[in-house]
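Novice: What would the 3D arrangement of this be:
(one chain, ligands or ions: 2)
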Amino acid sequence: MSTGSFIAVEGPIGAGKTTLSTMLSQKLNIPLLKEIVEENPFLGKFYDNIEEWSFQLEMFFLCNRYKQLEDTTTKYIQHGRQVISDYHIYKNLIFAQRTLSGVKWEKYRQIYHILTGDLPKPDLIIYIRADLQTLLKRIKMRGRSFEQNMDTAYLEQLIIDYDHAMASLAESEPDTKIITIDGNQIDFVTHREQFDLIVSEVKEYMK
Ligand SMILES: Nc1ncnc2c1ncn2[C@@H]1O[C@H](COP(=O)(O)OP(=O)(O)OP(=O)(O)O)[C@@H](O)[C@H]1O
Ligand SMILES: Nc1nc(=O)c2ncn([C@H]3C[C@H](O)[C@@H](CO)O3)c2[nH]1
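Specialist: Ligands and ions are numbered 1, 2, ... in the order given. Predicted coordinates:
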């Protein structure tokens, strides 16, 4: 596998992962793996009642991502082909450790490690950091109905959890390069030159 074969874009809800990974995929002509959102049967129920639906939702995300990454291995990674995804499998733990507790968390944690132990890890993570105001603004602008009454404390906690998770990944997977983008300041959607800077940085790493 060449350096930078597998790129993952990460960040809290509404940070711009899908937007940036789609733009990079088009610009660099790399296939894109996208999260399943609209077809997720538990997401709406989850936001109405987190306690009731969290286990089903976390398992759904985990199984979907497992399947996608398994396919990615055979289709792209084993053949040294580049691929970009709008998530890192580790995000399952970031969310699940907040939404699950007790026996359910323990069961989930064990299943997570069994399923993901041999999945491919990205060579490069692009981490979009953004503060609460920026995320709320983008979630509102995107307008998915089930996200409009999201508890701000949940989102605020996720922002902190993401910072911890990225620091932990940097330590546990030192071979993975992490590029951190300040999503409050850098607007790669409306300022083309800011997107071009990200592209240069990614290309530099992929050499
Ligand atoms: N840098 C940016 N500047 C302005 N608007 C942006 C920027 N990035 C994303 N957006 C807008 O914010 C909204 C959320 O972006 P996007 O769907 O890419 O986020 P996401 O991180 O993939 O979200 P989720 O975690 O829900 O999957 C979209 O409407 C998108 O057009
Ligand atoms: N609980 C929970 N666990 C996950 O693994 C997870 N991944 C994404 N999401 C939520 C965020 C957006 O609303 C929407 C689209 O990303 O789905 C998740 N929620």
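
Novice: quick one, what contacts the residue nearest to the spatial centre of the chain?
Specialist: Closest to where the C-alpha atoms of the chain average out (CA atoms, centre = their mean) is residue 87, at 2.7 Å. Taking CB atoms under 8 Å, 6 or more residues apart in numbering, we find residue 87 in contact with 8, 9, 10, 17, 35, 65. For glycine as for every other residue, the C-beta is placed from the backbone atoms N, C-alpha and C.

Novice: Counting only strands, which of these make the cut?
Specialist: Residues of these located in strands (DSSP state E): 8, 9, 10.

Novice: so which of those comes closest to ligand 2?
Specialist: Nearest to ligand 2 among the ones in strands among the contacts of residue 87 is residue 10, at 10.7 Å by CB to the nearest ligand atom.

Novice: Quick check: the residue of the chain nearest ligand 2.
Specialist: For the chain, CB to the nearest ligand atom, closest residue to ligand 2: residue 95, 3.2 Å.

Novice: That residue: neighbour count?
Specialist: Look at residue 95: counted by other CB atoms under 10 Å, it has 19 neighbours.

Novice: Please tell me how far the residue nearest to it when sequence neighbours are not counted sits from residue 64.
Specialist: The shortest distance from residue 95 to any non-neighbouring residue, by CB to CB, 6 or more residues apart in numbering, is to residue 58 (6.6 Å). In this view, residue 58 and residue 64 are 11 Å apart by CB to CB, to the nearest Å.
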